[in-house]
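**Q** Sequence first, then the predicted structure:
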Amino acid sequence: MSPVIINNGNRLVKKNPLMKLYAKKILLGSQWASHKTVIIENGIITDIIDGKAAEAEMAQGAVIPGMVNCHSHAFQRAFAGFSEQGSEGQDSFWTWRAIMYKFLDQLTDADAEVIATQLYIEMLKMGYTRVAEFHYLHHDINGATYPQLAQMAQAIFNAANNSGIGLTLLPVLYRYAGFGKQAPNDGQKRFINSTEQFNQLVTDCVALSKDYTNSNVGIAPHSLRAVDKDSLLAAVNHIRVFDKKAPIHIHISEQQKEVTDCLAHYGKRPVEWLLENAELDQHWCLIHATHINQQERQGIIKSGAIAGICPTTEANLGDGIFPTTEFLQEQGTFAIGSDSHISVNPIEELRWLEYAQRLIKQQRAILADQQQLSVGQNLWQRAAQGGAQSTHSNTGELAVGKQADLVVLDEKLTRLFAHSDQHILDSLLFASQQNPVQDVMVNGVWVIKDCQHSLQQASYDKFTRLLAKLSA
Ligand SMILES: [Zn+2]
């Protein structure tokens, strides 16, 4: 099946060919700098000069790099908060998943675009400038393939384009209900592809992405329980034909049950098996590598792969806690994701990344190091850079040659807490009670100004109508 590109007439965002942005305070690499003008040409930072250049626009507060969200299932935003009524320890990840499947019985591709547009606007307003969409809702409500395999994927491209967020689309290979090629259940019928059909979907998505600015495509074998070795390797080989550096993400050891089942089937723990059977490198991102032992932790670091951590979802689903202290001490690379969107806020993700470690270790200020004593700054920088690596995108820090993906903080709010530069991101992470994000630029284009997005009211109206329909 050849890819068909449906023209929505609104694909290419107009970029300012030349923009000058003056910042009184700006985080350049790992250093705060004062009184700089950032020169941006066609979305790329081409120079950073001292002082205020003529005709430069003035940033109204401190400027920091935008955050990358390494793990999103957009449609799950529509039922965030719907499954918080368990009792007596009976509710779990698996009961949450049953609610998710029920919800999917009614969702159309048009609905998916409405939900993703609302979600991506929310992400931008909180400081995320790029998202990796782990996209596994492929087929029609009855499980039949759409006339064009990438129809659902196109809803995601459209949503990213409408909102202005950068997109890394990761079509998901989902084949089985469990280890040992268990037949998929009815709730999974919209996710399932043969390996051949999946590879065609990836081909179509790569073709589609050429038509959307600031987007790229990788793949996501769903998990070791949902793919077998042959299909995993076939999918990896296929994407590598297009792009040797395309991101490859996988859910790996989110739940203890997953580890137990993997041991029963393969005689290996999930990360242990993956390290032995796939050639991991810096383009792999292991989502929820929660339950790992020391050898697995060191194996991930040695391979160069990224740990994709989703602290609020992992807490919400009762998954467990990733060994972040040891992983960072050993120079592991991590990124953060909002996953189920129980929270859409990078500040909260990073705050809980640190707090979980404090609660376990009964210590304070843990996720910092000799080079960067500020926990807030260390986590923001490393998560942004790890996120950029996890999406193979030219973002994650503000420097010449990088894409202009940046956040301007509300100066009035930061002044309430931070008296000096080195406290700005600590205050942001641990003490801010309101959203401090005032303006957001993606790829050289302002998408949030004065906390507002140009489509927010229209999106709100469509989304709330849809939610009422889906909840009826
Ligand atoms: Zn996930």
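**A** Good, I have the coordinates. The model shown is predicted, which means the values in this text are computed figures rather than measured ones.

**Q** quick one: contacts for K257?
**A** Neighbouring residues of K257 by C-beta atoms under 8 Å, 6 or more residues apart in numbering: W94. To be clear about C-beta, it is placed using only N, CA and C from the backbone, and glycine gets the same treatment.

**Q** Could you look up the SS state of it?
**A** Three-state assignment for K257 (DSSP: H, G, I helix; E, B strand; the rest coil): helix.

**Q** per-residue confidence at it?
**A** On the pLDDT scale, K257 is placed at 93.

**Q** quick one, helices of the stretch 301-450 of the chain?
**A** Ranges of helices in the stretch 301-450 of the chain, per DSSP state H, counting those that start in this stretch, are 311-316, 324-329, 346-361, 375-391, 411-417, 424-431.

**Q** Would you indicate which residues of stretch 271-285 are buried?
**A** Buried residues in stretch 271-285, counted by 16 or more other C-beta atoms under 10 Å: V271, E272, W273, L274, L275, A278, L280, H283, W284, C285.

**Q** Surely the last one is in contact with C70?
**A** Translated: C285. Yes. Using C-beta atoms under 8 Å, C285 is in contact with C70, at 6.1 Å.

**Q** what residues are shared contacts of these two?
**A** What both C285 and C70 touch, as defined by C-beta under 8 Å, 6+ apart, is the set A132, H249, I306, G308, A335, S390.

**Q** The fourth one touches A383, doesn't it?
**A** Which is G308. No. Counting by C-beta under 8 Å, A383 is not a contact partner of G308; they are 10.4 Å apart.

**Q** can I see the domain layout of this structure?
**A** Split into domains by automatic domain parsing, the chain comes to 18-64+399-456, 66-391.

**Q** Make JSON lines out of the ones you listed and add distance to L467.
**A** As requested, these are exported to JSON lines (distance: least, C-beta to C-beta, whole Å):
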{"stretch": "domain 18-64+399-456", "distance to L467": "16"}
{"stretch": "domain 66-391", "distance to L467": "6"}
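
**Q** closest one to K469 among these?
**A** Closest of the domains of the chain to K469 is domain 66-391, at 8.2 Å (criterion: C-beta to C-beta).

**Q** most surrounded residue in the shared contacts of C285 and C70?
**A** Within the shared contacts of C285 and C70, most neighbours by other C-beta atoms under 10 Å means S390, with 37 neighbours.

**Q** circling back: return the closest of the shared contacts of C285 and C70 with respect to L466.
**A** Checking the shared contacts of C285 and C70 against L466 with C-beta to C-beta, the nearest one is A132 at 23.9 Å.

**Q** which phi and psi does that closest one have?
**A** With angles defined as degrees, to the nearest 10, A132 sits at phi -100, psi 110.

**Q** nearest residue to it other than its sequence neighbours?
**A** Closest residue in space to A132, ignoring its immediate chain neighbours: T168 at 4.4 Å, by C-beta to C-beta, 6 or more residues apart in numbering.

**Q** where do the contact lists of G308 and A383 overlap?
**A** By C-beta under 8 Å, 6+ apart, the residues touching both G308 and A383 are F334, A335, I336.

**Q** Now do the second one against I248, distance only.
**A** If you measure A335 against I248 using C-beta to C-beta, to the nearest Å, the figure is 14 Å.

**Q** re the thing from before, so which of the buried residues of stretch 271-285 are in helices?
**A** Counting by DSSP state H, the buried residues of stretch 271-285 place V271, E272, W273, L274, L275 in helices.

**Q** Save those residues as JSON lines, and put in pLDDT and distance to Q362 too.
**A** Formatted as JSON lines, those follow (pLDDT from 0 to 100; distance: C-beta to C-beta, whole Å):
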{"residue": "V271", "pLDDT": "98", "distance to Q362": "27"}
{"residue": "E272", "pLDDT": "98", "distance to Q362": "30"}
{"residue": "W273", "pLDDT": "98", "distance to Q362": "34"}
{"residue": "L274", "pLDDT": "98", "distance to Q362": "32"}
{"residue": "L275", "pLDDT": "98", "distance to Q362": "32"}
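
**Q** Is it possible to get CSV of those that adds distance to L406?
**A** CSV is the format used below for these (distance: C-beta to C-beta, whole Å):
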residue, distance to L406
V271, 35
E272, 40
W273, 40
L274, 35
L275, 36
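
**Q** In terms of distance to A431, which of the residues you listed ranks first?
**A** V271 (35.5 Å).

**Q** Could you grab the helix/strand/coil label for the nearest residue to the closest one once chain neighbours are set aside?
**A** Excluding its sequence neighbours, the residue lying closest to V271 (C-beta to C-beta, 6+ apart) is E296, at 3.9 Å. In three-state terms, and counting by three-state DSSP, E296 is helix.

**Q** Same check on Y22?
**A** Look at Y22: counting by three-state DSSP, its state is strand.

**Q** That one reaches Q60, doesn't it?
**A** No. Applying C-beta under 8 Å as the test, Y22 and Q60 come out as separate, 10.6 Å apart.

**Q** which is the next helix or strand following the lowest-mean-pLDDT helix or strand in the chain?
**A** Using mean pLDDT, DSSP states H and E, helix 93-103 stands out as the lowest-scoring helix or strand of the chain, at a mean of 73. The element immediately downstream of helix 93-103 (helix or strand, assigned by DSSP states H and E) is helix 109-125.

**Q** helices and strands around that next one, which ones?
**A** Using 3 or more C-beta pairs under 8 Å, 6 or more residues apart in numbering; DSSP states H and E as the contact test, the elements touching helix 109-125 are strand 67-72, strand 128-135, helix 151-163, strand 437-442, strand 445-448, helix 456-471.
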